[in-house]
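**Student:** here is my input; please provide its structure:
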Amino acid sequence: MTNILIIAGKEIQEGMRNRWVLAMTILLAALALTLSFLGSAPTGHVGVNRLDIVIVSLSSLTIFLVPLIALLLSHDAIVGEMERGTMLLLLSYPLGRRQVIFGKFLGHLAILAFATLCGYGAAAAALALTGTAIAASSWWAFASMVGSSILLGAVFIAIGYLMSTSVGERSTAGGIAIGIWLFFVMLYDMALLGMLVAMQGHGIPGGLLDVLLVINPTDAYRLLNLSSGGAGSLSGMSGVAANATLTPALLLLALGLWTLVPLTLATLRFSRREL
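**Tutor:** Now for the predicted structure:
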């Protein structure tokens, strides 16, 4: 465990020296603040909880931005070091390959969690400073949204590691990372919408709908955060949730498996790969 923490600390130190991490944090904070104040501007007239509007806006932002950031952080974590020759140096120390994978994963997850907490926390703090009355349930929903956003980032970091251990060049990893992001964030839902149109108004069976939702981690995240409470009524996801039988516990389990399975496969591939 000590070696894993050492590797994680190394990744965090390198990340903090990288301007990319600072830019990522500032970008999340700027977008979160913008969505918090501009997105919740009409609530004074319609009587909607301002924090619920913020949850809907930030959840939509998370689906597009956090997977991309996670893939950019992780796509060259292994193949990049192998190209630079630093992986051989790293493994010359008494470290196992599994420890390298898990240490790097924890380091990158900590960087992403830091950026997410700072960015979204700034939006919540700014909203609280305005003196707006916010229910405790809305604060709990906001905290759950932030935690599940970090979990979604962990999913795509793990996917990035699997990709990084499967290719031979950084450029290839970068291209595949963009393809993975496009598929899960845009193309999958477009194909699902096309299937609904092709069915000409016939509903999807509940069991099939559940499978289709958990196959895509971004859809599982969306359903987890936008299907209940005030956010559910604002986002329009409550109708989808009514036809699905997935509970929050099952959605969290799906996201956990989406993290564990790619990370395990990445560890196995790296352990058998020649340097």
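
**Student:** which strands and helices sit next to the host helix or strand of residue 254?
**Tutor:** Secondary structure from DSSP states H and E places residue 254 in helix 248-271. Helix 248-271 is packed against helix 97-129, helix 136-164, helix 206-215, helix 217-226, with contacts defined by 3 or more Cβ pairs under 8 Å, 6 or more residues apart in numbering; DSSP states H and E. All C-beta atoms are positioned from the backbone trio N, CA, C, and that covers glycine.

**Student:** and with 6 Å instead?
**Tutor:** helix 97-129, helix 136-164, helix 217-226 (3 or more Cβ pairs under 6 Å, 6 or more residues apart in numbering; DSSP states H and E).

**Student:** tell me the most buried of these?
**Tutor:** helix 217-226 (a mean of 24; mean count of other Cβ atoms under 10 Å).

**Student:** tell me the mean pLDDT for that one?
**Tutor:** Averaging pLDDT along helix 217-226 gives 88.

**Student:** how many degrees apart are it and helix 206-215 in direction?
**Tutor:** On the basis of axes from the mean of the first three to the mean of the last three Cα atoms, to 10 degrees, helix 217-226 is oriented at 110 degrees to helix 206-215.

**Student:** picking up where we left off before, possible to save the helices and strands packed on helix 248-271 as JSON lines with distance to residue 16?
**Tutor:** Listed next are the helices and strands packed on helix 248-271 as JSON lines, based on distance: least, Cβ to Cβ, whole Å:
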{"stretch": "helix 97-129", "distance to residue 16": "8"}
{"stretch": "helix 136-164", "distance to residue 16": "17"}
{"stretch": "helix 217-226", "distance to residue 16": "27"}
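
**Student:** compare those helices and give me the one nearest residue 262.
**Tutor:** For the helices and strands packed on helix 248-271, the distance to residue 262 is smallest for helix 136-164, at 4.1 Å, taking Cβ to Cβ.

**Student:** give the rounded mean pLDDT of that closest one.
**Tutor:** Helix 136-164 carries an average pLDDT of 91.

**Student:** who does the helix or strand just after that helix touch, helix- and strand-wise?
**Tutor:** Next in sequence after helix 136-164, counting helices and strands by DSSP H and E, comes helix 170-182. With contacts taken as 3+ Cβ pairs under 6 Å, 6+ apart, helix 170-182 sits against helix 50-74, helix 79-84, helix 136-164.
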